[in-house]
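need a structure here:
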Amino acid sequence: MVLNELGSRINTALQNLSKEAAIDSKAVDALLMEICKALLESDINVKLVHQLRTNVKKSIDLDQLASSANKRRVIQNAVFEELCNLVDPGVEQWKPKKGKSNVIMFVGLQGNGKTTTCTKLAAHYHRKGWKTGLVCADTFRAGAFDQIRQNSSKAHIPYYGRQVYSEVDPVKVASEGVKKFKKDKYEIIIVDTSGRHKQETELFKEMEEISAGVNPDNVVFVMDGTIGQAADAQARAFKESVDIGSIIITKMDGHAKGGGAISAVAATKSPIVFIGTGEHIYDLERFAPRPFVSKMLGMGDIGGLVETVRDMQLDKTHKNMFKNISQGVFTLRDMRDQLQTISKMGPLNKLMGMMPGMPPELANSFSAEDSSRKIRQSMSIFDSMTEQELDSDGKIFETQKSRLDRISRGSGVRPFEIHALLHQHKQFAQMVKKMGGNKGLLKNMNPEMMRRAAAGGGMPNPGSMNPSQLARMQQQMSKMINPQALQSMGGMGGLQDMMQQMMGGGGPGGGMGGMGGLQNMMQQMMGGGGGLGGMQEMMQQMMGGGGAGRGRGRR
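Numbering: from 1, shown residues only. Modelled structure (predicted):
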């Protein structure tokens, strides 16, 4: 069972609890039985599953809870907390320091995706503004240097290494590469080392020699997530032989044993820092227990989404768009800028998975390849438009059909596909109209507030706030949101749930019980109909995802 299916089954079990007329011990036992069954089928150790069941039952006292609503909330929170504990190593993650050279040494068995993960991590830090370099010290595998060279070129990351036949001493290659990058003031220096097919003495000896030669600030052990519970023994063996500072678990995209691997490694108290979820350079996700469980259950990852948006520095590049949105205006140029931003943020399914209320199976229905192709096609259409057309609301094409023919010839896109893009723009424009203007959902939020919020500077980080600061932030947000929208979220209580989710604490936040309010708000934004279903169809059409969009994109 893949993690998405696991999340869906747990979520379904929790939703079924909400349908129970009376919440008693039998209902709780039935819930836990379904959850434990799903966890066991995901290759999670039976002892860990038993511990989860015991802890949930201990934290629930049904006799002390009067109403069924309170019982549901307490049970949901207890399940969420124990799921987080199941994958939480309880160890602080290593973080690089600015103003110095941080040497990160990669180790692991051959075939675990170590070399690919090196490039992914380098690209991750590069996107965040770190000066990053790669060193190939794998002189054992013939194609290692060529792989580093190809991957680095695609990611625009400087690299250092030598062909196997020119230098076979990995310690010398690693030392030379690190010395070169340190001299050039590189902040992140990632060293890829040789792997073996099994844990053997030579591998550990070589790792120790390279470690002594480059003096790494952090040693990253790359582990194959498909081995499931066997990850426990492998993690312990490497920890005993090498000073492991971090662990990255790869091949987590759709394999049945991913949950077992994470829980097994967490049980060894090893710090998991990232998980690999595919072969694309963006397919590396920072691991944190609460966001991980939240995404798995379809409750999104607000913190991760905010971090991704902050990295884009939208406050510097989209000033006019924020002004338009505050006035309820959404031009074709705004849509073009949005698509450009989305294309830089990574695969669409990753972004969709961060959105609260987005079911994992829906997020994964968006093909990265199809959405990328669809965006390129849309950009060709926009590039064939005049300045006047880009700054319009699109109605100009309804009165002057010859413009469509001209754009079709210039972009190489068929007229009906241009019609589809204009229709999608019209739908988004209707959403923006409801959000902006004097009567919009965000009527009290001016362009400057939007710009600062996009930069991550409009409000303090919720995770670092005390209760009084959080209360003030909730009050500020309630003033910015239209009263009708606030009511649809469940009033201040619903807003508080959302804030708890942003903090990464206090239970599942806006998920499960509060999801109806979020859907209601989405329905208002979508014009009263469709809700998340309407959003799904519109995004699929625009990005070439499953269903309507994919069909149109390939016709």
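
Setting the sequence-adjacent residues aside, check what's closest to K185.
K131 (6.8 Å; C-beta to C-beta, 6 or more residues apart in numbering). Yep, even glycine has a C-beta here, placed from its N, CA and C like the rest.

Could I get the contacting residues of the one you found?
Taking C-beta atoms under 8 Å, 6 or more residues apart in numbering as the contact definition, K131 lies against 185-188.

Among the residues you listed, name the buried ones.
186-188 (16 or more other C-beta atoms under 10 Å).

Columns pLDDT on top of these, output as JSON lines?
Shown next, in JSON lines, are those (pLDDT from 0 to 100):
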{"residue": "Y186", "pLDDT": "97"}
{"residue": "E187", "pLDDT": "97"}
{"residue": "I188", "pLDDT": "97"}
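
Identify, from those residues, the entry nearest to N11.
I188 (37.6 Å; C-beta to C-beta).

For the closest one, name its beta-bridge partners.
N102, T132 (DSSP bridges).

Can you give me the distance of it to W130?
5 Å (C-beta to C-beta, to the nearest Å).

Check N85 too.
For N85, the distance to W130 - C-beta to C-beta - is 32 Å.

How about F330?
Taken as C-beta to C-beta, the span from F330 to W130 is 35 Å.

re earlier: shared neighbours, I188 and W130?
In contact with both I188 and W130: P96, using C-beta under 8 Å, 6+ apart.

doesn't K95 make contact with Y125?
No: judged on C-beta atoms under 8 Å, Y125 makes no contact with K95 at a distance of 11.0 Å.

And the two? Which one has more around it.
Y125 (18 against 8; other C-beta atoms under 10 Å).

which secondary structure element contains the more buried one?
Assessed by DSSP states H and E, Y125 sits inside helix 114-127.

in the stretch 251-400 of the chain, which spans are helices?
Using DSSP state H, counting those that start in this stretch, the helices of the stretch 251-400 of the chain run over 258-267, 289-296, 302-311, 314-317, 319-326, 332-344, 348-354, 360-363, 368-383, 387-390, 396-399.

List the buried residues of stretch 235-250.
Applying 16+ other C-beta under 10 Å to stretch 235-250 flags 235, 238, 241-242, 244-250 as buried.

Can you flag which of those residues belong to strands?
246-250 (DSSP state E).

Which of these sits closest to P158?
I248 (21.6 Å).

show me the contacts for the closest one.
With C-beta under 8 Å, 6+ apart, I248 has these contacts: 117, 121, 220-223, 272-276, 284.

and with 10 Å instead?
By C-beta atoms under 10 Å, 6 or more residues apart in numbering, I248 lies in contact with 106, 108, 112-114, 117-118, 120-121, 220-223, 225, 272-276, 284, 287.

and stretch 161-179, average pLDDT?
What stretch 161-179 shows for mean pLDDT is 82.

Oh, that last question was meant for stretch 229-241, not what I typed.
Rounded mean pLDDT across stretch 229-241 is 78.

Can you give the contact residues for that stretch?
Counting by C-beta under 10 Å, 6+ apart, 43-46, 48, 89, 107-109, 112, 199, 201, 203-205, 207-208, 219, 221, 223-225, 227, 244, 247, 249, 257-258, 260-270, 272 sit against stretch 229-241.

Could you export that stretch as PDB, CA atoms only?
C-alpha atoms of stretch 229-241 as PDB (Å, rounded to 0.1, in the frame of the first residue of the first chain):
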ATOM      1  CA  GLN A 229      11.300  -2.500   8.000                       C
ATOM      2  CA  ALA A 230      14.800  -3.700   7.000                       C
ATOM      3  CA  ALA A 231      15.800   0.000   7.100                       C
ATOM      4  CA  ASP A 232      16.100  -0.400  10.900                       C
ATOM      5  CA  ALA A 233      19.100  -2.800  10.800                       C
ATOM      6  CA  GLN A 234      20.800  -0.800   8.000                       C
ATOM      7  CA  ALA A 235      20.400   2.500   9.800                       C
ATOM      8  CA  ARG A 236      21.800   1.000  13.000                       C
ATOM      9  CA  ALA A 237      24.800  -0.600  11.200                       C
ATOM     10  CA  PHE A 238      25.900   2.600   9.500                       C
ATOM     11  CA  LYS A 239      25.300   4.700  12.700                       C
ATOM     12  CA  GLU A 240      27.600   2.300  14.600                       C
ATOM     13  CA  SER A 241      30.400   2.500  11.900                       C
END
